[in-house]
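Novice: Got a sequence here, can you model it:
(one chain, ligands or ions: 1)
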Amino acid sequence: MNKRKMVLLLVLTFIILFPFNVSATTLKEYEDAVEKYTKELKEKESKIAKSKEEVEQIKKNIANIENQIEQTQKEIENLQKEIEESNKKIEKKSNESKKIMAYYQIENGDNAYLEYAFGAETITDMIYRISIVEQLTEYNKKVMQELKQLIEENNRKKESLSEKQKSLSTLKSQLQSEKERIEAEISGIEGTIPDTKGQIELYQNRVNYYRNKGCKSNDIIGITCDVPKKVTGSGSSSSVAPGALIGSNGFRFPVDGGAISWNYGSNHKGVDITRNRTCGAPIHPVAAGRVYYVGNTLDVYGAYMVIIVHNLNGRLLFSQYAHVQSNIPVRVGQDVDIGSTIAYMGTTGYSTGCHLHLEMSLDKGWGYNSSYSEYIRHIINPFNYVPRP
Ligand SMILES: [Zn+2]
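Specialist: Down below sits the predicted model:
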């Protein structure tokens, strides 16, 4: 392995083993994250494809509307021509009538019309002469009226075509803004895709890393797979103070110079330990193991606790250190041994003075692989393993 890969692997290992939160993680959570982000990516991609189709459809609709607007414009122009022609015809007919009138000089009051009429030799002839004039003017009047009607009709048509054109324009601009909205949405989604791909890669790398370590889906990272070293009979710890009380099985009494103030019993599921009634005494784990809980959210009274899982020859053993001060020097995922300091004696939560409540269980750990009600049935007397002062 080259240096670059080694550094990458170390960084990845650090990120995975020391996450910046206090709860343990199963491999399944990482697998689920891969699945979740992959699904998210697919949804985004199909949404983009669908939106692009919508945009294409809208473009077609806009082109269609533009055609209709153009068509309507032509119709309006044709009607305008017809109107103009009708106006010309009216003018022509009007001129004709005027000529007839002028001819018979009805308008200028010379009474030529009357002369023409009265110039008739018989009554019949006179009536005939009058009727000719009347018929000619009546005819022209009728033609002009028809033309006026045609103009009115054409104007009405023109008006309704203008209305149509207006609503087509409105529709067109609505479609254009809809198109712009969808296009903005597409580029918005496209902008988030690199991030989603990054998440998939991140979690996929973690999944691959732990599968290579032999972890299964329901394994808890660093706890039920890639587990800490076993609790051993002697020696493998870091420096242990000379006053430490260590049993032949390798277990250590957690507080140097500490005394038992309340024993394990039916009314007390752990052992209380004090040291000169003072706070701040360093607390050491009873055996080598891995920290899986740090915080004050598990206990209903808000006591700060550290909980450690131990590998007792393949069987899970848990030790809990409660009422400690909030300045806890270890993190979830951290390997510790009997030489480590994991907390300081305090009086947080439901407590009347500085003491350590040490509680231990076999197979089932609170907030680890069991609920509280199940866990309490697995609580054991710590002195089954821990040396008694
Ligand atoms: Zn107690």
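
Novice: contacts and neighbour counts: CA atoms only from here.
Specialist: Fine.

Novice: for the chain, what spans make up the helices?
Specialist: Applying DSSP state H to the chain gives helices spanning 3-17, 27-104, 112-118, 123-212, 372-375.

Novice: Just want the angle from the fourth one to helix 27-104.
Specialist: So that's helix 123-212. 170 degrees (axes from the mean of the first three to the mean of the last three CA atoms, to 10 degrees).

Novice: Tell me how far helix 123-212 lies from the chain's centre.
Specialist: Offset of helix 123-212 from its chain centre (CA atoms, centre = their mean, to the nearest Å): 38 Å.

Novice: and that helix, average pLDDT?
Specialist: Mean pLDDT, helix 123-212: 90.

Novice: What is that helix packed up against?
Specialist: In terms of contact count using 3 or more CA pairs under 8 Å, 6 or more residues apart in numbering; DSSP states H and E, helix 123-212 is assigned the packing partners helix 27-104, helix 112-118.

Novice: still on that earlier bit, with distance to the ion and mean neighbour count as added columns, please give the helices of the chain in a markdown table.
Specialist: As requested, the helices of the chain are exported to a markdown table (distance: least, CA to the ion, whole Å; neighbours: other CA atoms under 10 Å):
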| stretch | distance to the ion | mean neighbour count |
| --- | --- | --- |
| helix 3-17 | 31 | 12 |
| helix 27-104 | 34 | 16 |
| helix 112-118 | 137 | 17 |
| helix 123-212 | 38 | 15 |
| helix 372-375 | 16 | 14 |
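
Novice: Spatially central residue in this structure, please.
Specialist: Centroid check for the chain by CA atoms, centre = their mean gives residue 40 as the closest residue, at 9.2 Å.

Novice: Once you drop chain neighbours, what's closest to it?
Specialist: Once flanking residues are discounted, residue 40 sits nearest to residue 196: 7.5 Å by CA to CA, 6 or more residues apart in numbering.

Novice: Quick check: pLDDT value at the closest residue to the ion within the stretch 101-250 of the chain.
Specialist: Going by CA to the ion, the ion is nearest to residue 245 of the stretch 101-250 of the chain, at 20.5 Å. Looking at residue 245, its pLDDT reads 93.

Novice: number of nearby residues for it?
Specialist: Residue 245 sits with 20 neighbouring residues when counted by other CA atoms under 10 Å.

Novice: That one against residue 258, yeah?
Specialist: No - taking contacts as CA atoms under 8 Å, residue 245 lies outside contact range of residue 258: 10.0 Å.

Novice: who touches both of these two?
Specialist: By the contact definition CA atoms under 8 Å, 6 or more residues apart in numbering, residue 245 and residue 258 are jointly contacted by residue 389.
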